[in-house]
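*Asks:* need a structure here:
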Amino acid sequence: MLAALTLAAAVLAAPVPKDAKPAGPAPRDRALSFLAAFLDDGIVREFDPDDKRSSDVSAAKLFRRIEVRDFAAMELGRLLGLEAEPQPDWTDGDWAKYRATVREALEREQKKS
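*Replies:* Purely as a prediction, here's the structure:
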């Protein structure tokens, strides 16, 4: 299970590198669609700083515990240019509000296309 969750976190972070500017709308749209598919995935990933298998996953650096849907929302928020930035001390309620904000921004973005 750990290997699958580590892989899921790495795959979710991979669609568009943080410093990349996609050449056109198609790669960005694919990344948005891909990440949006995980917005209901409640699997929890707890990162153990002593476990070398999770040390290369970027979310492990800040979030010791994160649900797949929250990680997807965080990446979507970044791609959509949302101002709010998730924090490691957020409660489940904070994440739920953020996911709702991300869904609204995603819907507005999809209406543009």
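*Asks:* Show me where the protein has its helices.
*Replies:* Here the chain has its helices, by DSSP state H, at 2-13, 25-36, 59-62, 68-80, 92-112.
*Asks:* among these, which is nearest P86?
*Replies:* Closest of the helices of the chain to P86 is helix 68-80, at 4.8 Å (criterion: CB to CB). Using the backbone N, CA and C atoms, a C-beta is placed for each residue, glycine as well.
*Asks:* so for the closest one, what's the average pLDDT?
*Replies:* Mean pLDDT, computed over helix 68-80, is 93.
*Asks:* now the angle from it to helix 92-112?
*Replies:* 50 degrees (axes from the mean of the first three to the mean of the last three CA atoms, to 10 degrees).
*Asks:* Would you mind finding the most buried of the helices of the chain?
*Replies:* Between those, helix 68-80 has the highest mean count of neighbours, a mean of 22, where neighbours are mean count of other CB atoms under 10 Å.
*Asks:* If you drop the residues flanking it in sequence, what lies closest to R65?
*Replies:* E46 (4.8 Å; CB to CB, 6 or more residues apart in numbering).
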